[in-house]
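Need coordinates for the following:
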Amino acid sequence: MYRMNPHRFAWLVPGVALVGLLSGSAAAQAPADHTKVKTQTPADNTKVNTRDRADNAVTADQQKENPADRDLTQKIRRSLMNDKALSTYAHNVKIVSQGGQVTLKGPVRSEQEKQSIEAKAVEVAGKGRVVNEMSIAPANQAK
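Numbers count the residues shown, from 1 in each chain. Okay, here's the model as predicted:
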């Protein structure tokens, strides 16, 4: 007959106790007053999405995979990312290159950012080759 070693599961009790302590400390760190829930305005891109469905709208999926357009987009993106003064919105602007023509789309935080991004794109693509379709995002109301 097989006899079980009584020390075989000796680690089990301290292990369960540790898990209990860790989960208890996480619960203790939770805020005591659950009535103060931070509300955030839900994102609503309905108008932008409707605009992008128009037949003549330039969208990111229209970017061709030719080396010249890809290189143009990469150079502009690199220029934006190197400018640490720009907001996250500005760093995430859509850049669509088609036959050397660049379209910039998406929200930015200010008119100054909008102009700065356009200037960087013009510097790379050339004058008359950049279409600015960026918009200024409203300031975050929820705090």
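
Do a quick rundown of the helices in this protein.
Ranges of helices within the chain are 12-28, 46-52, 67-82, 88-91, 111-125, based on DSSP state H.

Check which helices and strands the fourth one is in contact with.
Of the remaining helices and strands, those touching helix 88-91 by 3 or more CB pairs under 8 Å, 6 or more residues apart in numbering; DSSP states H and E are helix 67-82, strand 101-108, helix 111-125. Glycine gets a C-beta too; all of them are placed from N, C-alpha and C.

Would you mind pulling up the elements that the last one packs against?
With contacts defined as 3+ CB pairs under 8 Å, 6+ apart, the secondary structure elements packing on helix 111-125 are helix 67-82, helix 88-91, strand 101-108, strand 130-136.

Could I get the buried residue list for it?
113, 114, 116, 117, 118, 120, 121, 122, 124, 125 (16 or more other CB atoms under 10 Å).
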